[in-house]
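Quick one: sequence and predicted model below, then my questions.
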Amino acid sequence: MYGLSKAQRYSARLQFQNESRLMTTKLIMLEYVFVGIAFLCAVGIVLFYNAKKNINGNAEFSSCRNPNCVRCVQYQQVIIRAYERYQQLSKIHKENKDSTGRIHKSLHRNIVHSNGSSEQLLNHYSEPNPLVFDLKELNLNDLYDPSTTDQFTDDVRVLQDNKDKICSDFHRINRPQYQHLWLKNDTPFGQWSVFHLINQGKTVVNNIKHCEKTFEIISGLQNIMKRNVFGNVVFSVINPGTVISTHYGPTNIRIRCHLGLITVDECTLTVSGKQRKWKEGECLLFNDAFPHGVTHAGKEGDSSRCVLIVDLWHPDISLQERNSIDYIFSPVNR
């Protein structure tokens, strides 16, 4: 800088300082960019890993955020209240104690081992694991053939013979003006919508008035479970791209019956690792105490899968046991 005037030296120094500051700013910005990219990569890896676990059925117990859900939130309150009501029932009907012995044993065992269902991991893929009430000494099958299970034959025939009437009710409530009556269940991908006629043992009056034919039909079923917290009747719609993670139901005392209304080949039910597809106008029966999940592999624009779900009593439960369970597990504020 020798030979330069004082003004020139000052200008050169100022330019050097400005260039240094600009270089520092660029380096800081570049550092932020690298940190941001690293963060996004980490988030992407986590999301991909969790999604892969859900799809493969290796994720933790699938739960929802509904504060009234018996399976996911209120399991401890339900089992404790049930034990208290069993004690009341025993005092009222002392002579029936022998016939409800396995209910008492199962309730006691459930209270002792209740440790927070939402934190349980999936067991072996083929084993049942009811998360609220596990009734012992039941003959358990994951899937049921309605044509060879005598107790379900008549109920299945009634549902299948009235498929058109039930489907007519479904198409009515599936119109835009009734969408506010549908609920959205939590799923890792896609959308699963439900329209309850009976929700955890409670009749949904506002919904029934739009489905009077269907409610009349299901009310006449011999084995319908409708007076305790485990009983539901619900229209269920699964949109293309939806994944319902592998999970367990709250009890082993019910058999879920799905009447196919609108079925698609891309939608699959998996129970204990066995894949099944719905057929229009036919019933599919399984015990949801076994690990199960649903995947609709269709693309946007494909048809949704639509069924009517009806909970039926397990065939090994006597009429006296049914009445006792209805009292013990009666809905709160019915």
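Good, I have the coordinates.

okay, CA-based contacts and neighbour counts for the rest of this
OK.

R227 - nearest residue in space that isn't next to it in sequence?
G201 (4.8 Å; Cα to Cα, 6 or more residues apart in numbering).

And for that neighbour, the neighbour number?
22 (other Cα atoms under 10 Å).

correct me, but it touches S330?
Yes - look at G201 against S330 with Cα atoms under 8 Å: they come within range, at 7.3 Å.

domain assignment for this protein?
Split into domains by automatic domain parsing, the chain comes to 1-56, 75-328.

mind checking which of the ones you listed is nearest C69?
Set against C69 and scored by Cα to Cα, these come closest in domain 75-328, at 8.1 Å.

Now do that closest one: distance from first to last residue.
14 Å (Cα to Cα, to the nearest Å).

ok now that domain, how far from the chain's centre?
Computed by Cα atoms, centre = their mean, to the nearest Å, the chain-centroid distance of domain 75-328 equals 10 Å.

Would you enumerate the residues in contact with the residue nearest to R227?
225-232, 330-331, 334 (Cα atoms under 8 Å, 6 or more residues apart in numbering).

between these, which is nearest R157?
Out of those, the member with the shortest distance to R157 (by Cα to Cα) is M225, at 17.2 Å.

Next up, the contacts around that closest one.
M225 is in contact with 201, 231-232, 254, 311-313, counting by Cα under 8 Å, 6+ apart.

Closest to N287 out of those?
R254 (6.5 Å).

Residues contacting whichever helix or strand E216 is part of, please?
Applying DSSP states H and E as the criterion places E216 in helix 212-219. With contact meaning Cα under 8 Å, 6+ apart, helix 212-219 is reached by 158-159, 162, 165-166, 169, 197, 208, 224, 310.

so what secondary structure elements neighbour whichever helix or strand comes after that helix?
Per DSSP H and E, the first helix or strand lying C-terminal to helix 212-219 is strand 233-238. In terms of contacts (3 or more Cα pairs under 8 Å, 6 or more residues apart in numbering; DSSP states H and E), strand 233-238 is packed against strand 192-199, strand 305-313.

tell me the angle strand 233-238 makes with strand 192-199.
Comparing the axes of strand 233-238 and strand 192-199 via axes from the mean of the first three to the mean of the last three Cα atoms, to 10 degrees yields an angle of 180 degrees.

Let's see strand 233-238 as CSV, backbone CA atoms only.
Provided in CSV are the C-alpha atoms of strand 233-238 (Å, rounded to 0.1, in the frame of the first residue of the first chain):
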residue,chain,number,x,y,z
VAL,A,233,-72.3,-51.4,15.3
VAL,A,234,-70.6,-49.0,12.9
PHE,A,235,-70.3,-48.2,9.2
SER,A,236,-66.6,-48.1,8.3
VAL,A,237,-65.0,-46.5,5.3
ILE,A,238,-61.3,-46.8,4.5
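
That'll do, ta.
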